[in-house]
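Colleague: next comes the sequence, and after it the predicted model I'd like to discuss.
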Amino acid sequence: MFGFQKSEYKIFKRNFLRKVIFKIDFKKNTEVLKDEDFVKSVFSDFFPRFIKAQGNGVQITLGNQNPRFEQLKGQESFVLKSSDGLTTLDINDSFLQLSFDNTAYKSSDDIRNLFELFNKFFKDKLDTLGRISLKKINIIEFDNNNNPNGILYFLLNNSVIGNIDSFPNTELINHNLQSVNYRNDDYYLNIKYGMNIPPIKNMKIGQVIIDIELVKHSISQLTDIGSIFDEINEETYNVFCTLINDNAKNLLNNG
């Protein structure tokens, strides 16, 4: 899709994921919120906790601090949560969003296993989808030492790091994120990666951040949701494997 080297898919023993979001946008349709009992019956096995909420999704910001996840104010929505509260399904009249926090996401099957329920939920309400996106935020914490930028060379593919050594006093740099954006026909790929030290005096913990988002903007058929997810998930995996080096892969394999 974007030319990244194909990597053989495997489920690592551990992961660095802090947030995974799979989102489906569709043309505004009030029918999806019409029957609260039906929504509960479709998703109750996976999401037993149900509330009505005022909101229009989640906004994610990355600055000099930890990632912040804020619910945006707006129209009524249904918010369904897993029993442990770490997986959330947010539904309103224009999108369905599935999000995983921290340790909740184990593999792509955690999303794929819900497609049958999505088809049941949307049946007789709509058959075409709009924007489909997958976002994965990886954060690797490390002990902050005298030269925190050195962790980038230890964990990331050195060819993507850039010329950070050209700057003076690199030991004083506390935020070094790079951004790359691709477009290929109807697909958009947004990548942010680098190092961050939270702005707390004498902070002993630093972070390596790998934030990958892949978006399909064109109209899709509901029946194709599985193949579209497989396509964008495979590409995000290829991007991730391109960015990290063997040291990071060893950490993932030795969970």
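Modeller: Right, received. Where do you want to start? Numbers count the residues shown, from 1 in each chain.
Colleague: what segments of the stretch 101-250 of the chain are strands?
Modeller: All strands of the stretch 101-250 of the chain, identified by DSSP state E, counting those that start in this stretch, fall at 128-129, 132-143, 175-184, 187-196, 205-216, 220-221.
Colleague: what about the first one, distance to the chain center?
Modeller: Translated: strand 128-129. Relative to its parent chain, strand 128-129 has a centroid offset of 21 Å by Cα atoms, centre = their mean, to the nearest Å.
Colleague: average pLDDT across it?
Modeller: The pLDDT scores in strand 128-129 average 96.
Colleague: tell me who's in contact with the closest residue to N158 other than its chain neighbours.
Modeller: Using Cβ to Cβ, 6 or more residues apart in numbering and skipping residues adjacent in sequence, the residue nearest N158 is N245, 7.1 Å away. To be clear about C-beta, it is placed using only N, CA and C from the backbone, and glycine gets the same treatment. N245 makes contacts with 154-158, as judged by Cβ atoms under 8 Å, 6 or more residues apart in numbering.
Colleague: distance to N190 added to those, as JSON lines?
Modeller: Shown next, in JSON lines, are the contacts of N245 (distance: Cβ to Cβ, whole Å):
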{"residue": "F154", "distance to N190": "25"}
{"residue": "L155", "distance to N190": "21"}
{"residue": "L156", "distance to N190": "17"}
{"residue": "N157", "distance to N190": "18"}
{"residue": "N158", "distance to N190": "22"}
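Colleague: put the buried members of these into a PyMOL selection.
Modeller: Selecting only the buried entries of those in PyMOL, with 16 or more other Cβ atoms under 10 Å as the criterion:
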select buried, resi 155+156+157
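Colleague: looking at the contacts of N245, which are in helices?
Modeller: 154-155 (DSSP state H).
Colleague: what's the most distant pair in the contacts of N245?
Modeller: The largest distance within the contacts of N245, taken as Cβ to Cβ, falls between F154 and N157 and amounts to 11.3 Å.
Colleague: K81 - how many residues pack around it?
Modeller: Residues contacting K81 under the criterion other Cβ atoms under 10 Å number 17.
Colleague: relative to R18, how far out is it?
Modeller: 18 Å (Cβ to Cβ, to the nearest Å).
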